[in-house]
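1. Let me see the structure of the following:
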Amino acid sequence: MTVAVVSSIRKERFQTWIVSAGILLTAAIGSAVAGAHVHVVGAMVDPLNDAFGWSRGDITLALAMGSVVHAVTNIAVGALTDRYGPRRILVPGIALYAIGCALLGLAGPQLWTWYAAYLAFTILSSGASSIAWTVIVIQRFDRNRGLALAASLAGPGAVVSLMPTIVVGLVEHFGVRGVYPTLALGAFVLMIVPTWLFVPKTMQSAIPAKPRQPPRKWWLTLASRKVWQLAAALGLVAACIGTLLVHFQAMLIDAGLRPGEAASVALVTGPALVVGRLLTGFLYDRLPPLAVTVGAFCLPAIAAIWILAVPIGFGSAHWLAILIGLGIGCEVDVAAYLSSRYFDTADYGKIYGLVITVYSVSVAAASWLAGLAFDRTGSYAPALGAFAVGIAVAIALVTFLGQPPPSTRPRR
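-> Presented below is the predicted three-dimensional model:
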């Protein structure tokens, strides 16, 4: 092999690495920025309450309303991304995300304006959701897909810890109404620049051109038993995740910790989430996928049983927070990876859109039901016990799916 040939091979490999790294960076930034709105709402609860007198329940109800709307928008965006490719969806989707985010600054003082603005934001921002960001990773990576997906979805874990500080600073400098327009401008720049630079224009459609075949009937894909079996399993796990995510600090206070101690313990959850996400992706690339999935599903069940059966102190609460963070980090990885392995990647957007919708609705509904159960019984035990049993059912559901078929695509 001549020196010129070796040099050409090295150059080609370097160019391939640059493209892959750029796509991964773009997806990581995009998923982090686009997913930050949930944490922004959490950080804006007190400022909105001070400015307009809205209660915490009034403000956070917008999130539940948005999760219902996502049942439609996620599947629609998934179908459009499969049909036209991620770049054609992301570029206008980022612009609409910024417009929707800025509109939130117009809400108030009437409560209905907050709900109207948030519903508008939910619809307008759907094109920049995690669906399109994961599609570009699915199309680019095959051999190390698990770790690539994990890295692209790890960004929101850092946002959990950073967003409260960012929002406090923006409120001080721009006031309550100025927070969302400022965030909109920052989000637009952070997402559009890497998307424009690194997402190839050739990355258009996930569906290969086969003119002699009839059009794909996407509704038949969504009607598949395996799709709903996977969605149901993830929904059952999400019920436990949602309860632990929303009510964890309250559980710690009930166990005897002071509010300040509970808040400091909860900070550990964010870094653990990132570690859990990356570790799950790493293991998916090296171990049987079902074994990794069952292990990931067990984490929130163990946390629930721990809360039910073991006294919690300040020291042990940190280990519990790490376990919960690891569990939260694993489950979104599971949804993205299994959606790409059990089914044709040409249908990935639609399937992941459906699965993540079931997951999100289950998180919102279960956290609400757990709160109702606590109001009636004075304890989280009934909800946690029921959700732990639900995870056992979820493990059975994914086990009956069997091992996903091996990839037939060129290894990348």
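2. Who are the packing partners of the helix or strand that residue 124 is a member of?
-> Assessed by DSSP states H and E, residue 124 sits inside helix 111-124. Applying 3 or more C-beta pairs under 8 Å, 6 or more residues apart in numbering; DSSP states H and E, we find helix 111-124 packed against helix 37-52, helix 56-84, helix 86-103. C-beta coordinates here come from the backbone N, C-alpha and C atoms, glycine included.
3. how does it look with 7 Å?
-> The contact analysis (3 or more C-beta pairs under 7 Å, 6 or more residues apart in numbering; DSSP states H and E) places helix 111-124 against helix 56-84, helix 86-103.
4. For residue 302, which of those helices is the nearest?
-> With C-beta to C-beta as the measure, helix 56-84 is the member of those nearest residue 302 (26.3 Å).
5. for the closest one, the distance to its chain's centre please.
-> How far helix 56-84 lies from its chain's middle: 12 Å, per C-alpha atoms, centre = their mean, to the nearest Å.
6. so where's this structure uncertain?
-> 1-16, 42, 56-57, 155-161, 164, 202-223, 406-412 (pLDDT under 70).
7. Map the structural domains onto the sequence of it.
-> The record's domain split for the chain, according to automatic domain parsing, is 15-198, 220-399.
8. How about the residue nearest the centre of the chain, nearest residue that isn't a chain neighbour?
-> Note on the chain: the residue nearest the mean C-alpha position is residue 332, at 5.7 Å, using C-alpha atoms, centre = their mean. Closest residue to residue 332 apart from its sequence neighbours, by C-beta to C-beta, 6 or more residues apart in numbering: residue 153 at 5.7 Å.
9. Next up, the contacts around that neighbour.
-> Residue 153 makes contacts with 31, 130, 277, 332, 333, 336, as judged by C-beta atoms under 7 Å, 6 or more residues apart in numbering.
10. where's residue 276, which helix or strand?
-> Assigned by DSSP H and E, residue 276 falls in helix 269-284.
11. ok, now residue 350?
-> Assigned by DSSP H and E, residue 350 belongs to helix 348-377.
12. Would you indicate which residues of that helix are buried?
-> Residues 348-371, 373-374 are the ones in helix 348-377 that count as buried (16 or more other C-beta atoms under 10 Å).
13. same thing with stretch 251-264?
-> 251, 252, 254, 255, 257, 261, 262, 264.
14. where along the stretch 301-412 of the chain do the helices fall?
-> 314-341, 348-377, 381-399 (DSSP state H, counting those that start in this stretch).
15. related to what we said a few turns ago, orientation of the helix holding residue 276 relative to helix 37-52 in degrees?
-> With axes from the mean of the first three to the mean of the last three C-alpha atoms, to 10 degrees defining the directions, helix 269-284 sits at 160 degrees from helix 37-52.
16. Which residues does helix 269-284 contact?
-> Residues outside helix 269-284 that contact it (C-beta under 7 Å, 6+ apart): 146-147, 149-151, 153-154, 157-158, 160-161, 292, 296, 321-322, 324-330, 333, 337.
17. thinking again about what came up before, please indicate which of the helices and strands packed on helix 111-124 has the most neighbours on average?
-> Of all the helices and strands packed on helix 111-124, helix 86-103 has the most neighbours on average by mean count of other C-beta atoms under 10 Å, namely a mean of 22.
18. Report the distance from that one to the chain centre.
-> On the basis of C-alpha atoms, centre = their mean, helix 86-103 sits 18 Å off its chain's mean C-alpha point.
19. what's the angle between it and helix 348-377?
-> Going by the same axes, to 10 degrees, helix 86-103 makes 40 degrees with helix 348-377.
20. i'd like the first residue to be 28 from this point on
-> Got it, the first residue is 28 from now on, which makes the last one we talked about helix 113-130.
21. Skip the chain neighbours and tell me the closest residue to residue 339.
-> With sequence-adjacent residues excluded and distances taken as C-beta to C-beta, 6+ apart, residue 339 is closest to residue 282, at 4.1 Å.
22. Quick check: phi and psi on that neighbour?
-> Main-chain torsions, residue 282, degrees, to the nearest 10: phi -80, psi -10.
23. Let me know whether it touches residue 343 as I believe.
-> No - between residue 282 and residue 343 there is no contact, the gap being 9.5 Å when judged by C-beta atoms under 7 Å.
24. Would you pull up how far the helix or strand encompassing residue 165 lies from the middle of the chain?
-> Per DSSP H and E: residue 165 is located in helix 157-167. Centroid separation for helix 157-167 versus its chain: 13 Å, with C-alpha atoms, centre = their mean.
25. Tell me what angle it forms with helix 113-130.
-> Relative orientation of helix 157-167 versus helix 113-130 (the same axes, to 10 degrees): 160 degrees.
26. Pull helix 157-167 out as PDB, backbone CA atoms only.
-> Extracted C-alpha coordinates of helix 157-167, given in PDB (Å, rounded to 0.1, in the frame of the first residue of the first chain):
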ATOM      1  CA  SER A 157     -36.000  14.900  20.800                       C
ATOM      2  CA  ILE A 158     -37.600  12.900  18.000                       C
ATOM      3  CA  ALA A 159     -35.800  14.700  15.200                       C
ATOM      4  CA  TRP A 160     -32.600  15.000  17.200                       C
ATOM      5  CA  THR A 161     -32.400  11.200  17.800                       C
ATOM      6  CA  VAL A 162     -33.200  10.500  14.100                       C
ATOM      7  CA  ILE A 163     -30.000  12.200  13.000                       C
ATOM      8  CA  VAL A 164     -28.100   9.900  15.400                       C
ATOM      9  CA  ILE A 165     -29.900   6.800  14.300                       C
ATOM     10  CA  GLN A 166     -29.100   7.500  10.700                       C
ATOM     11  CA  ARG A 167     -25.500   8.200  11.300                       C
END
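27. what residues does that helix touch?
-> Helix 157-167 is contacted from outside by 47, 50-51, 54, 57-58, 61-62, 101, 104-105, 108, 113, 116-117, 120, 172, 175-176, 179-180, 226, 230, 233, 363, 367, 372, 375-376, 379-380, 383, using C-beta under 7 Å, 6+ apart.
28. do that again at 8 Å, thanks
-> With contacts defined as C-beta atoms under 8 Å, 6 or more residues apart in numbering, helix 157-167 is touched by 46-47, 50-51, 53-54, 57-58, 61-62, 101, 104-105, 108-109, 113-114, 116-117, 120, 172, 175-176, 179-180, 226, 230, 233, 359, 363, 367, 372, 375-376, 379-380, 383, 439.
29. Check stretch 53-60 too.
-> 117, 121, 155, 157, 159-161, 163-164, 178-183, 185-186, 214, 217-218, 221-222, 224-226.
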